[in-house]
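> Any chance you can model this:
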Amino acid sequence: MSEDIFAKFDSEFDTKQLQADEKEAAENGGTGHFEDVPHGKYEVAIDKLELGQSKKDDPMLTVWFKIRAGKYKNQRIFMNQVVTQGFQIHIANEFLRSLDSGEEVTFETYSQYHELILDIFEDISENLEYELDYGENKKGYNTFKITDIFELD
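Prediction:
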């Protein structure tokens with residue numbers, strides 16, 4: 001392997017966050033195995049918000065919620081919403097609007113949507129936390145509803 005590949009890894013991955021994640025894993029027994037988080041209401045911060053790809057290479061909104069308090073503190077809830085159809089984009093838009101970032105949420109192109117999602121994450125990541133109602137719909141799919149917003153000092 002050439003040295004360039006490691007420089008590429010350093011630029012592609014948040015190494016500071018990886019160091020913090022490794023420390024957290026060590027403090028939690030190092031196994032990385034957590035009890036599944038049951039449906040319910042949780043106080044959460046958003047650790048990750050991005051437009052990425054599904055395993056089938058479809059565009060997908062990905063959200064990582066980090067639980068801030070209670071029995072499941074520091075565990076994560078994951079939201080993945082494929083956005084290839086109008087109703088899927090609507091679900092993603094409604095969720096993004098509920099984050100109260102101040103950004104106007106619209107879908108025009110995937111490139112524009114990607115930039116919008118990055119802007120929303122930048123607006124909220126250090127300023128807001130949320131109450132998340134993590135549930136399930138009639139078809140058995142997980143649901144994610146923001147029910148309260150907390151401004152950080």
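> bridging residues for the residue nearest the centre of the chain?
What sits nearest the mean C-alpha location of the chain, by Cα atoms, centre = their mean, is residue 63, with 1.9 Å. Counting by DSSP bridges, residue 63 is bridged to residue 49, residue 79.
> what's the answer for residue 129, then?
residue 150.
> Let me see the contact set for it.
With contact taken as Cβ atoms under 8 Å, 6 or more residues apart in numbering, residue 129 is in contact with 43-45, 68, 149-150, 152. Placement of C-beta: from N, CA and C, glycine included.
> Among the residues you listed, which ones are in strands?
Cross-referencing the contacts of residue 129 against strands under DSSP state E gives 43-45, 149-150.
> Quick check: of those, which has the highest neighbour count?
Most neighbours among the ones in strands among the contacts of residue 129, by other Cβ atoms under 10 Å: residue 44, with 24 neighbours.
> What score does that one have for pLDDT?
pLDDT for residue 44: 98.
> same check, this time on residue 29
Residue 29 carries a pLDDT value of 58.
> and if you look at the one 3 residues further on?
Predicted confidence (pLDDT) at residue 32: the value is 56.
> Neighbours of residue 119, how many?
13.
> Please disregard the earlier target; I meant residue 144.
Neighbours around residue 144, by other Cβ under 10 Å: 19.
> which one's the longest helix in the protein?
helix 110-124 (DSSP state H).
> Now that one - C-alpha only, PDB.
The C-alpha coordinates for helix 110-124 follow below in PDB (Å, rounded to 0.1, in the frame of the first residue of the first chain):
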ATOM      1  CA  TYR A 110     -30.000  15.300  -5.300                       C
ATOM      2  CA  SER A 111     -27.000  17.600  -5.400                       C
ATOM      3  CA  GLN A 112     -29.000  20.500  -4.000                       C
ATOM      4  CA  TYR A 113     -30.600  18.200  -1.500                       C
ATOM      5  CA  HIS A 114     -27.200  17.000  -0.300                       C
ATOM      6  CA  GLU A 115     -26.000  20.600   0.200                       C
ATOM      7  CA  LEU A 116     -29.300  21.400   2.100                       C
ATOM      8  CA  ILE A 117     -28.900  18.500   4.400                       C
ATOM      9  CA  LEU A 118     -25.300  19.500   5.200                       C
ATOM     10  CA  ASP A 119     -26.500  23.000   5.900                       C
ATOM     11  CA  ILE A 120     -29.200  21.800   8.200                       C
ATOM     12  CA  PHE A 121     -26.700  19.600  10.100                       C
ATOM     13  CA  GLU A 122     -24.300  22.500  10.500                       C
ATOM     14  CA  ASP A 123     -27.200  24.700  11.800                       C
ATOM     15  CA  ILE A 124     -28.400  22.200  14.400                       C
END
